[in-house]
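Undergrad: With the input below, show me the fold.
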Amino acid sequence: MINRRALLKTAALGAAQTVALPYLARDGFAQTAAHVLKLTMADTRNHPLYQVLLRFADNVKKKTNGAVEVQVYGTGELGSQLNILTGLQTGIIDLCAHTSGFIDTLFPQFQVMDLPFLFPDLASGERVLDGPVGKQLANLMPSKGIYALSYGYWGWRVTSTVDRKVPEPKDMKGLKIRVQPGPIFAATYRALGANPIAIDFSEIYLALSQRTIEAIETPIISLPAAKHYEVVKNINLTNHVYNAGVLMVSKRKFDSLPANLQASLREAATEMTPDWRKSMVEKTTETTAFLKQKGLSFVDVDRTAYRKATDGVYKEFRNIIGADLFDAVIKQVENA
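TA: Residues are numbered from 1 along each chain as shown. Model (predicted):
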């Protein structure tokens, strides 16, 4: 039998431990986050970016002493590639890592990053995003309920086909190809004589299998993530778009957080940028080797001829993007 004195002592100890829990949590004990944020991305969990975002989530947790927990989801889990941006605006989705091709639909100025065959290398794309142009594009977003936190890289977009090789622009004629919803992507392939078709990412595999489409334009690293390499046989190295990625947060959600947690979230996002970019480069190299082992053909293309063939896209989108912004980017790339 427990006597009265022992019972009171046990109760007092339990109360003291309950009070101490928040402090014990900082030393490794379990702690319930005060803020749980849902983060989704424009690809499956098999995509290498998923691991980058998990590291970002860990960093956020560390910087906020466990006050913020970021839960990471793949495409289709919280909505389609297109409607997750709407969810971000309304606050249904808290964070999103997405490509410029979808951001173009909300902010036409962003299409300056998707001008075909514009950037000769990765460094030129990074300089544009890390400079005044990147700030200008980020400053557009709050008007539609979004904050840009950092710029990443999804991998050069290439043209993967079921059977056709397209080393020259003329080889594109009549090609049925799935494109992102940004208008500039459809315009680019129309200029090349192809037939651009917009369908959701989740429908690509079936569409390729049934020959509803004959080609896709995605980064190399996306092919294993959704098993598209099982259907396409040729990877034409068009490298037509640098393929910027943006980590974004719902303005409504972000503004509701205490100032110190906002600062921590921004810091973690900034620190994620080099990891994001480096990981995509490394994984592209690994994926290329994997796909070659699987028997896929890699086809070099005449980028100079392709750039010339898509010159009309530049003329069409200069005023849509904004002449000043358009000219500033062209000048920066040419003078690099």
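Undergrad: From now on I want contacts and neighbour counts done on CA atoms only, so please keep to that.
TA: Fine.
Undergrad: what residues are up against the residue nearest to the spatial centre of the chain?
TA: Nearest to the mean C-alpha position of the chain, counting by Cα atoms, centre = their mean, stands His98 at 3.3 Å. By Cα atoms under 8 Å, 6 or more residues apart in numbering, His98 lies in contact with 41-42, 245-248.
Undergrad: same thing but at 10 Å, please
TA: 40-43, 75, 81-82, 84-85, 151-154, 244-248 (Cα atoms under 10 Å, 6 or more residues apart in numbering).
Undergrad: Just the ones of these in strands?
TA: Using DSSP state E, the subset of these located in strands is 40-41, 151-153, 244-248.
Undergrad: pLDDT wise, what is Arg55 at?
TA: Per-residue confidence (pLDDT) for Arg55: 98.
Undergrad: What separation is there between it and Met248?
TA: To Met248, Arg55 is 16 Å away according to Cα to Cα, to the nearest Å.
Undergrad: ditto for Ser160
TA: Distance of Ser160 to Met248, computed by Cα to Cα: 29 Å.
Undergrad: who has more neighbours, these two?
TA: Per other Cα atoms under 10 Å, whichever of Ser160 and Met248 has more neighbours is Ser160, with 32 against 23.
Undergrad: Which residue is the nearest non-sequential neighbour of the more buried one?
TA: Ile235 (4.4 Å; Cα to Cα, 6 or more residues apart in numbering).
Undergrad: Span of stretch 217-224 from start to end?
TA: Termini of stretch 217-224 sit 14 Å apart (Cα to Cα).
Undergrad: Repeat that for stretch 200-219.
TA: Terminal-residue distance, stretch 200-219 (Cα to Cα): 16 Å.
Undergrad: Any buried residues in that stretch, and which?
TA: 201, 204-205, 207-208, 213-219 (16 or more other Cα atoms under 10 Å).
Undergrad: and the closest residue to Val52 other than its chain neighbours, what is it in contact with?
TA: Spatially, and ignoring its direct neighbours in sequence, Val52 is nearest to Trp276 (6.1 Å; Cα to Cα, 6+ apart). Contacts for Trp276 (Cα under 10 Å, 6+ apart) come out as 48-53, 56, 150-154, 245.
Undergrad: Which of those are buried, as a ChimeraX select command?
TA: Applying 16+ other Cα under 10 Å to these leaves a buried subset, and the ChimeraX line that selects it is:
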select :48,49,50,52,53,56,150,151,152,153,154,245
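Undergrad: Now for the contacts of Trp276: which two are most distant?
TA: Maximum pairwise distance among the contacts of Trp276 (Cα to Cα): 17.4 Å, between Pro48 and Ser150.
Undergrad: coming back round to it: confirm that the residue nearest to the centre of the chain sits in a strand.
TA: Yes - applying DSSP: H, G, I helix; E, B strand; the rest coil, one finds His98 inside a strand.
Undergrad: Next one: it from Val36, what distance?
TA: In terms of Cα to Cα, His98 sits 20 Å off from Val36.
Undergrad: Doesn't the residue nearest to Val52 belong to a helix?
TA: Yes - judged by three-state DSSP, Trp276 forms part of a helix.
Undergrad: From Phe56, how far out is it?
TA: Trp276 is 10 Å from Phe56, by Cα to Cα.
Undergrad: Common neighbours of the two, please.
TA: Residues touching both Trp276 and Phe56 (Cα under 10 Å, 6+ apart): Tyr50.
Undergrad: which residues does the residue nearest to Ser160 contact?
TA: Applying Cα under 10 Å, 6+ apart, the residues near Ile235 are 158-166, 215-220, 223, 229, 288, 291, 296-300.
Undergrad: This completes my enquiry, with thanks.
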